[in-house]
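In: please find the sequence and the predicted model below.
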Amino acid sequence: MQTVSARKILGSLIEGRHPRSGEPLPAECVVHQSDVLRAFIAGVTALEQLEARAQRRSQLPRSAGNPWTTEEESRLVEAFKGGSSPSTIAQEHRRTLRAIEARLQKLGLITDADRTTRGGFTGG
């Protein structure tokens, strides 16, 4: 089931309506209980977070998050030592600038002060 469909169904239930017909659900229906409503709202929130994460991920370069291979790392070092800028290298490797700078720092080719990006990744 697509998250949009799931959110639409949950939204109807939160409103106390039948998801297909839109008719109000009987007052004694379980969906009117506060703990059930809170669970539906938590479900909608989780689906929205999944959609937002997928949207952000779709905007990242193709190789973002992939492990570094020895061959790719060698190409990175060669390009950097050859004078290519980290942003150019990022485009060539289909990675984020942050990933390129983190890898260059891990390899001892730049320092933290040389970086233009900051973040929570410590490398590994």
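Out: Structure received.
In: give me phi/psi at the spatially most central residue of the chain?
Out: Nearest to the geometric centre of the chain sits Arg53, at 3.4 Å (Cα atoms, centre = their mean). Main-chain dihedrals, Arg53, degrees, to the nearest 10: phi -60, psi -40.
In: could you number the chain from 899 rather than 1 from now on?
Out: OK, 899 is where the count begins now, so the last one is Arg951.
In: kindly provide the distance from it to Arg936.
Out: For Arg951, the distance to Arg936 equals 23 Å [Cβ to Cβ, to the nearest Å]. C-betas here are computed from N, CA, C, even on glycine.
In: any idea of the pLDDT on the residue nearest to the centre of the chain?
Out: At Arg951 the predicted local confidence, pLDDT, stands at 91.
In: same check, this time on Ala962
Out: Looking at Ala962, its pLDDT stands at 89.
In: Arg1016 too?
Out: We have a pLDDT of 77 for Arg1016.
In: quick one: the residue nearest to the centre of the chain from Ala904, how far?
Out: As defined by Cβ to Cβ, Arg951 lies at a distance of 15 Å from Ala904.
In: domains for this protein, by residue range?
Out: Structural domains annotated on the chain: 901-956, 968-1012, as defined by automatic domain parsing.
In: any chance of these in JSON lines, plus distance to Ala962?
Out: Output for the domains of the chain, formatted as JSON lines (distance: least, Cβ to Cβ, whole Å):
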{"stretch": "domain 901-956", "distance to Ala962": "8"}
{"stretch": "domain 968-1012", "distance to Ala962": "6"}
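In: kindly provide the distance from Arg905 to Arg936.
Out: Arg905 sits 16 Å away from Arg936, taking Cβ to Cβ as the criterion.
In: those two: who's more crowded?
Out: Legend: neighbour count by other Cβ atoms under 10 Å for Arg905 and Arg936, higher for Arg905 (16 against 11).
In: so where's this protein shaky on pLDDT?
Out: Confidence mapping of the chain against pLDDT under 70 gives the ranges 1017-1022.
In: tell me which strands and helices the helix or strand encompassing Ile987 is in contact with?
Out: Assigned by DSSP states H and E, Ile987 belongs to helix 984-991. Using 3 or more Cβ pairs under 8 Å, 6 or more residues apart in numbering; DSSP states H and E, the elements in contact with helix 984-991 are helix 968-979, helix 995-1004.
In: since that was my last question, I'll sign off now.
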